[in-house]
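Asks: Return atomic coordinates for the entry below.
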Amino acid sequence: MRAVTVVLVAVLALAGAVPATGEPQDSDVDAARDPDYAAGKEAIASKDWRRAVERFERVVRREPDNADVQNYLGFAYRNLGDLPCALLHYRHALEINPRHRGAHEYAGEAQLMAGNLDKALEHLAAPRQICLMPCEELTDLERAITAYRARTGR
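Replies: Numbering: from 1, shown residues only. Below is the predicted model:
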């Protein structure tokens, strides 16, 4: 029975259904090979949004088609309050990887910050299709939408 559980967890992890952390998702391989990427992740962890933008902007110049870097940049810009830049980077992340759960969650949250409930609901539809079982990105965006509706009466 334990072997079946291990296999099931491995399959779900490969399918992207295992819940992620509350920070943007990425590949640890990138952090291991790129000091700017690692420094950007450290800046995110310490909530130093300006330093995160600086370091991830360096990475994105070398790797413009890295969805994780685009998502990190969106996350940092959103936390700086720069929604247009955040949405630009989330959109780019989703152009690169339309199944990027973190980018859908964060783009939805940014849309709520901008007062765009309909656009947030569009982003909510993606993790509902992507996640084979409830995932953190889906749950977090659902909570954010519920709180937004309670706050605004919409």
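
Asks: From here on, just use CA atoms for contacts and neighbour counts.
Replies: OK.

Asks: Which elements pack onto the longest helix along the chain?
Replies: When the chain is parsed with DSSP state H, its longest helix is helix 136-152. Other elements packing on helix 136-152 under the criterion 3 or more C-alpha pairs under 8 Å, 6 or more residues apart in numbering; DSSP states H and E are helix 101-113, helix 117-130.

Asks: Can you pull the domain assignment for this protein?
Replies: The chain is divided into the following domains under automatic domain parsing: 26-84, 98-154.

Asks: Ok, which of the ones you listed comes nearest His92?
Replies: domain 26-84 (6.6 Å; C-alpha to C-alpha).

Asks: okay, which residue is most central for the chain?
Replies: Using C-alpha atoms, centre = their mean, the residue of the chain that lies closest to the mean C-alpha position is Gly102, 2.4 Å off.

Asks: hang on, that one packs against Tyr72?
Replies: No - assessed by C-alpha atoms under 8 Å, Gly102 is found out of contact with Tyr72, at 9.4 Å.

Asks: Would you reformat the helices and strands packed on helix 136-152 as a markdown table and include mean pLDDT and distance to Leu88?
Replies: Shown next, in a markdown table, are the helices and strands packed on helix 136-152 (pLDDT from 0 to 100; distance: least, C-alpha to C-alpha, whole Å):
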| stretch | mean pLDDT | distance to Leu88 |
| --- | --- | --- |
| helix 101-113 | 97 | 9 |
| helix 117-130 | 95 | 14 |
